[in-house]
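Novice: return a 3D structure for these sequence lines:
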Amino acid sequence: MRRRDRTDEPPAPFDTTQFIRAASSQGYSAQSAMSTAEDLYTSGFITYPRTDNTVYPDDLDERELLEELSAGRRFGDDAEHLLGLDDVEPTEGDEETTDHPPIHPTGELPAPSELSDDEWELYELVVRRFLATCAPEAEWEHLRVVTEIADADEPVGIDDGPLRLKSNGKRLVEEGYHAVYPYLSTNESFVPDVREGETLSVTETRSAAKRTQPPRRYGQSRLIETMEDLGIGTKSTRHNTIQKLYDRGYIESDPPRPTGLAEAVVEASEEFADRIVSDEMTAQLEADMQAIAAGEKRFEAVADESREMLAAVFDELADSREAVGDHLQQSLKADKQLGPCPECGDTLLVRKSRSGSYFVGCDGYPDCEYTLPLPSTGKPLILDDDCEEHGLDHVKMLAGRKTFVHGCPQCQADEADEQDDEVIGVCPDCGESAARGAADGDEERERGASDPSAPEDRAATAVSRESSDPSEHGELAIKRLRSGSRLVGCTRYPDCEYSLPLPRRGEIEVTDGTCEEHDLPHLVVHSGEEPWELGCPICNYREFQSRRGDSELEAIDGIGERTAEKLKDAGVDDVSSLKEMEPDALADRVDGVGPDTVRDWQAKAD
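Specialist: Numbering: from 1, shown residues only. The predicted structure follows:
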């Protein structure tokens, strides 16, 4: 047995790269993290977020800032505890510059109501990082126990010696900075309470066959760190570079993975102009620009050298224009292929309609008009997994934090066709009583139905139209659409278009409880450990409307009161006008908002 104590040092102050890395662990993309940080900076709540510095400047009085933080309810106790220490000596990183200080809070304290949920979460991250840099180190106790199999019939260990089994445990003795910075793991592991020399009996044996796994994909924060190590980009451009790769369809998902188009571009570039995909070329250009800024090189000389280098690259590409075009065209189609069409045997592709919605269509169109719907929320990503029954690749819908796996489009459509509607009550628009049964036309309805992707998303759309024939009365039924969406809708659709959305995921239970106002049963959604008591679907929708307040825009996650005012100044007064805006154009008109943030808002607005 061997015991030892280990000191766990507090983290260094935030530079841009480490801030993005920490925000990434909380589920933020590099672009959204920096966009939110810039909003916090322009509001005066944190320092400039684009910095390489990891050493607080001499003119920063840490105790004074802690006293200002102690005035707030959220961080007051933690700041008071640190002020009670005999010595407050903040940590320092390896990089010290004079342009901007590390990212830290200012003395201006916002109330949670002044910030959106995202802004508050990242503001708290910055505050707690500052607190952690002023906090004491943590102390761990490690215990290692080595047991030896004695008197074995045959030698089974290394070099034909006895078999030794090792167990490692650890426990947190002094919490230190972890008390104010809960973002790093404090998991403890325990080993049995044994004494040295004690004989143990074997109660169970297990064996497991394992294989060496390939390295994990780079997350955005790891990719930015690698770019920094290679000298590619600057603290101000790296996150924008990654976002441009997303915007131009070269990477997808998170952690990012290259699309077929990206692989084709790299393959074509390596074959016809290999220098353009060399990190050395980009690093050299960056180094030259920094040399100009430092006065070590003349602008004209660097510009002339860069022109010659780029001209040679473009000449190589121009000579191979047709071959490059053919290669890229084939890759674009390959990126959208799902599998064989069940009608004609051609290939099913993910397509985009004129209205901007996605669907599955046959490559043999117009000779073959076979189609399958896709959810209205998010952008489709084709996965490597395929359906054993239909041979189609599974589809994942990318919708920010509400991303979900749709699965096989054919399976979703078939299951909807086979599932009967479940009548739960009378339609409030046209119903008194009507025969139970499924209504035709669900496929057409999908184009207008709201599609929540998570139980907690209660965003809804209720559309009603008076019955064309007053003598006909409809009922409300739980329906599953061929796109995988679910809703409560009238059995007389399309004559009556009354509808309310339901969560996409989870089993829906119709309970015995009844709404006194609408005479509809209470619904419970079973998804995860805790069931969600949705209640009466009409009352649930009314509750959502009341929570939206005076501004439709503020009902969208990530848009607070101040951001809504900025959007209104830019000509965006409601959700409809937000969805119609071009993301790049709107981002140019609203300070501190990037195109990726606008797209995220538009996806949530759906």
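Novice: how is Arg63 assigned, secondary-structure-wise?
Specialist: helix (DSSP: H, G, I helix; E, B strand; the rest coil).
Novice: quick check: chain neighbours aside, which residue is closest to it?
Specialist: Using CB to CB, 6 or more residues apart in numbering and skipping the chain neighbours, the partner closest in space to Arg63 is Val88 (5.8 Å). For glycine as for every other residue, the C-beta is placed from the backbone atoms N, C-alpha and C.
Novice: in which helix or strand does the one you found reside?
Specialist: Counting by DSSP states H and E, no helix or strand carries Val88.
Novice: list the contacts for it?
Specialist: Val88 makes contacts with 62-63, 66, 82, 134, as judged by CB atoms under 8 Å, 6 or more residues apart in numbering.
Novice: for Gly93, state which of these is nearest.
Specialist: Closest to Gly93 out of these is Cys134 (14.3 Å), distances taken as CB to CB.
Novice: count of residues packed around the closest one?
Specialist: Residue neighbour count, defined by other CB atoms under 10 Å, stands at 24 for Cys134.
Novice: correct me, but it touches Leu66?
Specialist: Yes. Assessed by CB atoms under 8 Å, Cys134 is found in contact with Leu66 at 6.6 Å.
Novice: please enumerate the shared neighbours of the two.
Specialist: 82, 88.
Novice: show me where pLDDT drops low in the protein?
Specialist: For the chain, the stretches with pLDDT under 70 are 150-161, 401, 432-472, 545-552, 554-555, 557, 561, 604-606.
Novice: apply 50 and report the result again.
Specialist: Judged by pLDDT under 50, the chain has its weakly predicted residues at 433-468, 470-471, 550.
Novice: and the helix of greatest length in the chain, how far from the chain's centre?
Specialist: Assignment by DSSP state H gives helix 299-319 as the longest helix of the chain. Counting by CA atoms, centre = their mean, to the nearest Å, helix 299-319 is centred 38 Å from the centre of its parent chain.
Novice: what lies in contact with whatever helix or strand comes next after that helix?
Specialist: Downstream of helix 299-319, the next assigned helix or strand under DSSP H and E is helix 321-334. If you take CB under 8 Å, 6+ apart as the criterion, helix 321-334 is touched by 260-261, 263-265, 267-268, 272, 317, 349, 363.
Novice: farthest-apart pair in those residues, please.
Specialist: Pairwise distances across those peak at 29.0 Å for Leu317 and Asp363 (criterion: CB to CB).
Novice: buried residues in stretch 135-146, which are they?
Specialist: Neighbour-count burial for stretch 135-146 flags 135-136, 138, 140, 143, 145 (criterion: 16 or more other CB atoms under 10 Å).
Novice: which of the residues you listed fall in strands?
Specialist: The strands, defined by DSSP state E, take in 138, 140, 143, 145 from the buried residues of stretch 135-146.
Novice: could you save these as JSON lines and add columns showing distance to Leu172?
Specialist: Shown next, in JSON lines, are these (distance: CB to CB, whole Å):
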{"residue": "Ala138", "distance to Leu172": "7"}
{"residue": "Trp140", "distance to Leu172": "6"}
{"residue": "Leu143", "distance to Leu172": "13"}
{"residue": "Val145", "distance to Leu172": "19"}
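Novice: and the end-to-end length of stretch 532-543?
Specialist: As for stretch 532-543, its first-to-last residue distance stands at 15 Å under the measure CA to CA, to the nearest Å.
Novice: contacting residues around Gly176?
Specialist: Neighbouring residues of Gly176 by CB under 8 Å, 6+ apart: 8, 10, 135-139.
Novice: ok, 6 Å please
Specialist: Shown in contact with Gly176 (CB atoms under 6 Å, 6 or more residues apart in numbering): 136-138.
Novice: how near is it to Ser25?
Specialist: Look at Gly176 and Ser25: by CB to CB, to the nearest Å, they are 20 Å apart.
Novice: would you mark the buried spots in stretch 261-277?
Specialist: Going by neighbour count (16+ other CB under 10 Å), the buried part of stretch 261-277 is 261-262, 264-265, 268-269, 272-273, 276.
Novice: C-alpha coordinates for it, PDB please?
Specialist: Extracted in PDB, the C-alpha atoms of stretch 261-277 (Å, rounded to 0.1, in the frame of the first residue of the first chain):
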ATOM      1  CA  LEU A 261     -17.300  18.400 -50.100                       C
ATOM      2  CA  ALA A 262     -14.500  19.200 -47.700                       C
ATOM      3  CA  GLU A 263     -12.800  15.900 -48.400                       C
ATOM      4  CA  ALA A 264     -13.100  16.500 -52.100                       C
ATOM      5  CA  VAL A 265     -11.700  20.000 -51.900                       C
ATOM      6  CA  VAL A 266      -8.700  18.800 -49.900                       C
ATOM      7  CA  GLU A 267      -8.200  15.800 -52.300                       C
ATOM      8  CA  ALA A 268      -8.400  18.100 -55.400                       C
ATOM      9  CA  SER A 269      -6.100  20.700 -53.800                       C
ATOM     10  CA  GLU A 270      -3.500  18.000 -52.800                       C
ATOM     11  CA  GLU A 271      -3.600  16.600 -56.300                       C
ATOM     12  CA  PHE A 272      -3.600  19.900 -58.300                       C
ATOM     13  CA  ALA A 273      -2.200  22.600 -55.900                       C
ATOM     14  CA  ASP A 274      -0.900  21.000 -52.800                       C
ATOM     15  CA  ARG A 275       0.600  24.200 -51.300                       C
ATOM     16  CA  ILE A 276      -2.800  25.700 -50.800                       C
ATOM     17  CA  VAL A 277      -3.800  23.100 -48.100                       C
END
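Novice: which stretches in the stretch 51-200 of the chain count as strands?
Specialist: Residue ranges of the strands in the stretch 51-200 of the chain, as given by DSSP state E, counting those that start in this stretch, are 138-148, 164-174.
Novice: quick one, which of these is nearest to Asp335?
Specialist: Evaluated over these, closeness to Asp335 peaks at strand 164-174, with 45.7 Å, by CB to CB.
Novice: tell me the angle that closest one makes with strand 138-148.
Specialist: With axes from the mean of the first three to the mean of the last three CA atoms, to 10 degrees applied, the angle from strand 164-174 to strand 138-148 works out at 160 degrees.
Novice: distance from the chain centre to strand 164-174, please.
Specialist: Remark: strand 164-174 is offset 34 Å from the chain centroid, using CA atoms, centre = their mean.
Novice: now distance to Asp384 too, for the buried residues of stretch 135-146, in a markdown table please.
Specialist: A markdown table is the format used below for the buried residues of stretch 135-146 (distance: CB to CB, whole Å):
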| residue | distance to Asp384 |
| --- | --- |
| Ala135 | 44 |
| Pro136 | 47 |
| Ala138 | 41 |
| Trp140 | 40 |
| Leu143 | 43 |
| Val145 | 42 |
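Novice: which two from the residues you listed end up farthest apart in space?
Specialist: Using CB to CB, these span at most 31.8 Å, a distance reached by Ala135 and Val145.
Novice: where neighbours are concerned, which of the contacts of Val88 has the most?
Specialist: Cys134 (24 neighbours).
Novice: could I get the contacting residues of it?
Specialist: Here Cys134 is in contact with 62, 82, 88, 90 (CB under 6 Å, 6+ apart).
Novice: among the residues you listed, which pair sits farthest apart?
Specialist: Leu82 and Pro90 (10.3 Å).
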